[in-house]
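Q: 3D, please:
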Amino acid sequence: MTVPSGSCVSGSTPWAGISAIATGMARQGYDLQLARYDERGWRATFYPTGMEHSITSATASAWERTPWHAVQGAARDALRERSETQWRLRLLRLPLRIP
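A: Residues are numbered from 1 along each chain as shown. Model (predicted):
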């Protein structure tokens with residue numbers, strides 16, 4: 001992640017929050033890509049760590065006016081997708097009981 005020049009990364013700034021989310025998501029096995037598109041906003045995308053970063057391998061992506069909201073939304077969606085996938089896998093492992 002590249003921090004814009006002149007930004008303060010320490011303390012209670014949005015960049016510190018983004019760094020904290022990126023670090024936490026890295027521990028969960030995700031890489032973050034954050035891109036700014038002129039005045040149109042920011043896109044945050046999480047990918048599985050170690051995977052080629054193409055849009056088809058993206059786990060979750062969010063487009064927002066601020067980098068903080070984009071990263072927060074994409075992280076939430078990535079963890080929600082992971083939780084739903086784990087839930088589906090647990091259901092597949094349940095023994096089938098036919099009365």
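Q: residue boundaries of the strands in the protein?
A: Taking DSSP state E, the strands of the chain run over residues 30-37, 41-48, 60-64.
Q: what's the longest helix in the chain?
A: In the chain, taking DSSP state H as the definition, the longest helix is helix 67-93.
Q: Pull out the buried positions in that helix.
A: 67-75, 77-79, 82 (16 or more other Cβ atoms under 10 Å). All C-beta spots, glycine's among them, are computed from the backbone N, C-alpha and C.
Q: Rounded mean pLDDT for it, please.
A: Helix 67-93 shows a mean pLDDT of 85.
Q: I'd like to know which of the strands of the chain lies nearest to L89.
A: Ranking the strands of the chain by distance to L89, with Cβ to Cβ as the measure, places strand 41-48 first at 15.8 Å.
Q: tell me the contacts of P67?
A: Going by Cβ atoms under 8 Å, 6 or more residues apart in numbering, P67 touches 14-15, 18, 34, 36, 42, 44.
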